[in-house]
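Colleague: Return atomic coordinates for the entry below.
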Amino acid sequence: MIDPRVASGLRDLPPSVMIPRERILAGFRETFASFGFVPIETPHIERMEVLTGKGAGSDEVLRQIFEVTNKGGTPGELALRFDLTVPLARFVAKHIDELGIPFKRYAIGSVFRGERPAKGRFREFTQCDFDTIGTESVLADAETAQVIHAALTTAGVSDFTITLNDRRVLTGLLDSLGLESRSGSVLRALDKLDKIGADGVRDELTKAAEVGGAGLPVDQCEQIVELAVRFRGGEEILDDAMKALGANSLVEKGIANLRMVLEILAAAGVSPDQFRINLGLARGLDYYTGIVFETTVNGWEKFGSVASGGRYDNLASLFTPRRLPGVGASIGLDRLLALLDEAGRLKSSATTVPVLVANFPGTDPAVPVKLAARLRAAGIGAEVFPDAISIGKQMGYGSKRGHKLAVIVGPDEQANRVFNLRSLITRQEDKGLDLSVLEDSVESALEILKQEGAGP
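Modeller: Numbering: from 1, shown residues only. Next up is the predicted model:
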């Protein structure tokens, strides 16, 4: 017999996970659409040259690519996508004439990385992306943060912090230090600050390039680390940063953009308490050019960012000479679900409907089918138990699956045109209700359960 286990870093998802997952995804789709984003889909498999083009991803991500080779195929020709942004850049380069600009899209799908599995980190995971292509407007930058805020709030997550930076601040500092050629290694080291601490970043910055470091002298290293450690907080730190760094035009533009983004978010009614400035925030991917975002759930920072992204004004140049600037973000669904599950905040259920209609022994089987059809026609989900076994076993099934109510019609009830309505949560049962009030009775009972915190 074949061992039924899944490969390392991959998972089976049972109904108890898939049901809240689908609920959250529905909320994300509704949120994205409410801001004017439209859905697209791109293949899971892309040509290798698309995924590995200069600037498409960091060296670390590119090392994790899953190569795909069919029998008789050419090795190194195809690979599984590692994110949804690079395929988007290819997509818009091909279709932009028919799409027009600005083009706002969302996409939800699996991506694949051959990284070491860990809590909240998987080799196949779902990203929920939304992007605006064809504009450099600060309104698009601010809207990206606004959508992150709205989507997580819709998912029932309220205690989160969105951290902002503009990569031009870091780029300007590196330019002023003459480190343009080493920006990739410097930014990747900074991106690990919260994981390895300031001393760890110093080690990576001063370590020789031949062994994976940036090879910086100590004085330059200290200037960079000071920026990353010192300038963290609310909007007020931007004044201090301008005094310390504002002589560089790129730094000035980056800080001005951050000010405007915060001003727009305030105008949209978003609380400033949920935003934080971190001028050392780099983000690991090489294609970011402007604003960048990372979002963590307060008290659960060990899971890392659950939503991140930024502006990438040059990514489409891999595929077209036309300038197509873009900005967007990605919500890591699997990491968010893992966090909510460990925090005990994931409402799980093994059913998608609130009502179980019993198949009472000795009752015409057409009766429960008709009752369930009436409930569905009224917008109330209902499942008919398939076998006419003991009512106790049917009620046990309903309780275990997470049904809220059971509709029961035995031979006596059928003869008198009445039904019994049992709460599978409180075990209370109303007997002899007239069939003419079926829909109203069930709807009222579900509303009461909802008000008590036990409803769907």
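
Colleague: Need the three-state assignment for residue 184.
Modeller: Here residue 184 is helix, with the state taken from DSSP: H, G, I helix; E, B strand; the rest coil.

Colleague: Against residue 252, how distant is it?
Modeller: Applying CB to CB, to the nearest Å, the value for residue 184 to residue 252 is 23 Å. Where C-beta positions appear, they are placed from N, C-alpha and C, glycine not excepted.

Colleague: neighbour-wise, which of these two wins?
Modeller: Legend: neighbour count by other CB atoms under 10 Å for residue 184 and residue 252, higher for residue 252 (16 against 13).

Colleague: Next up, the contacts around the more buried one.
Modeller: Contacts for residue 252 were tallied using CB atoms under 8 Å, 6 or more residues apart in numbering; they are 172, 242, 246.

Colleague: again, only using 7 Å
Modeller: Neighbour list for residue 252: residue 246 [criterion: CB atoms under 7 Å, 6 or more residues apart in numbering].

Colleague: so it is in which element?
Modeller: helix 249-267 (DSSP states H and E).

Colleague: what about that helix, distance to the chain center?
Modeller: Distance of helix 249-267 from its chain centroid, counting by CA atoms, centre = their mean, to the nearest Å, is 25 Å.

Colleague: Tell me the first helix or strand C-terminal of that helix.
Modeller: Next helix or strand after helix 249-267 toward the C-terminus (DSSP H and E): strand 275-278.

Colleague: ok, residues contacting that following strand?
Modeller: Residues from elsewhere that reach strand 275-278 (CB under 7 Å, 6+ apart): 161-165, 232-235, 237-238, 258, 262, 265.

Colleague: Give me the buried subset of those residues.
Modeller: Among the contacts of strand 275-278, those classed as buried by 16 or more other CB atoms under 10 Å are 162, 163, 164, 165, 232, 237, 238, 258, 262, 265.

Colleague: what about the third one, is that helix, strand or coil?
Modeller: Looking back up the chat, that one is residue 164. strand.

Colleague: Distance of it relative to residue 262?
Modeller: Applying CB to CB, the value for residue 164 to residue 262 is 8 Å.

Colleague: go on, the second one?
Modeller: When distances are taken as CB to CB, residue 163 and residue 262 turn out to be 12 Å apart.

Colleague: Low-confidence bits of the protein, can you list those?
Modeller: 54-61, 118-120, 208-213, 284-286, 454-456 (pLDDT under 70).

Colleague: what about the residue nearest the centre of it, is that helix, strand or coil?
Modeller: By CA atoms, centre = their mean, the chain has its centre lying nearest to residue 331, at 2.2 Å. On the three-state scheme (three-state DSSP), residue 331 is labelled strand.

Colleague: who touches it in this structure?
Modeller: Neighbouring residues of residue 331 by CB under 7 Å, 6+ apart: 28, 128, 151, 306, 307.

Colleague: can you list those in CSV and add neighbour count?
Modeller: Output for the contacts of residue 331, formatted as CSV (neighbours: other CB atoms under 10 Å):
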residue, neighbour count
28, 21
128, 24
151, 26
306, 27
307, 27
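
Colleague: So which of those are in strands?
Modeller: 128, 307 (DSSP state E).

Colleague: Determine which two of the contacts of residue 331 are furthest apart.
Modeller: Comparing every pair within these by CB to CB identifies 28 and 306 as the most remote, at 12.1 Å.

Colleague: check contacts around residue 147.
Modeller: Residue 147 makes contacts with 31, 32, 35, 130, as judged by CB under 7 Å, 6+ apart.

Colleague: Of all the residues in the strand or helix carrying it, which ones are buried?
Modeller: For residue 147, the enclosing helix or strand under DSSP H and E is helix 138-154. Buried residues in helix 138-154, counting neighbours by 16+ other CB under 10 Å, are found at 138, 140-152.

Colleague: Show me the strands in the stretch 1-150 of the chain, by range?
Modeller: Along the stretch 1-150 of the chain, counting by DSSP state E, counting those that start in this stretch, strands occupy 38-39, 45-47, 67-68, 78-80, 103-112, 124-133.

Colleague: Can you name every helix or strand that the first one contacts?
Modeller: Applying 3 or more CB pairs under 7 Å, 6 or more residues apart in numbering; DSSP states H and E, one finds that strand 38-39 contacts strand 103-112.

Colleague: Just want to check the distance between residue 95 and residue 105.
Modeller: 10 Å.

Colleague: who has more neighbours, these two?
Modeller: For the pair residue 95 and residue 105, the greater number of neighbours falls to residue 105 (23 against 11), based on other CB under 10 Å.

Colleague: Name the nearest residue to that one, sequence neighbours excluded.
Modeller: Leaving aside its sequence neighbours, residue 105 sits nearest to residue 40 (CB to CB, 6 or more residues apart in numbering; 4.9 Å).

Colleague: Compute the number of surrounding residues for that neighbour.
Modeller: 18.

Colleague: Confirm residue 393 sits in a helix?
Modeller: Yes. The assignment for residue 393 is a helix, going by three-state DSSP.

Colleague: got the domain boundaries for this protein?
Modeller: Listed by automatic domain parsing, the domain ranges of the chain are 15-342, 355-451.

Colleague: With distance to residue 6 as extra columns, can I get those domains in TSV?
Modeller: Converted to TSV, the domains of the chain look like this (distance: least, CB to CB, whole Å):
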stretch	distance to residue 6
domain 15-342	10
domain 355-451	24
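
Colleague: do you know which of the ones you listed lies nearest residue 7?
Modeller: Here domain 15-342 is closest among the domains of the chain (CB to CB), at 7.8 Å.

Colleague: Start and end of the closest one, how far apart?
Modeller: Taking CA to CA, to the nearest Å, domain 15-342 runs 17 Å from one end to the other.

Colleague: for it, the distance to its chain's centre please.
Modeller: How far domain 15-342 lies from its chain's middle: 12 Å, per CA atoms, centre = their mean.

Colleague: And stretch 426-442, by the same measure?
Modeller: 41 Å.

Colleague: quick revisit: hey, which of the domains of the chain is tucked in deepest?
Modeller: Comparing the domains of the chain by mean neighbour count (mean count of other CB atoms under 10 Å), domain 15-342 ranks first with a mean of 18.

Colleague: Could you give the bridge partners of residue 307?
Modeller: For residue 307, the beta-bridge partners under DSSP bridges are residue 295, residue 331.

Colleague: I'd say it and residue 297 touch.
Modeller: No. With contact defined as CB atoms under 7 Å, residue 307 and residue 297 do not form a contacting pair (9.9 Å).

Colleague: Spit out the residues that contact the two alike.
Modeller: Common contact partners of residue 307 and residue 297 (CB under 7 Å, 6+ apart): none.

Colleague: could the strands of the stretch 1-150 of the chain go into JSON lines alongside distance to residue 204?
Modeller: Output for the strands of the stretch 1-150 of the chain, formatted as JSON lines (distance: least, CB to CB, whole Å):
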{"stretch": "strand 38-39", "distance to residue 204": "40"}
{"stretch": "strand 45-47", "distance to residue 204": "31"}
{"stretch": "strand 67-68", "distance to residue 204": "28"}
{"stretch": "strand 78-80", "distance to residue 204": "28"}
{"stretch": "strand 103-112", "distance to residue 204": "27"}
{"stretch": "strand 124-133", "distance to residue 204": "26"}
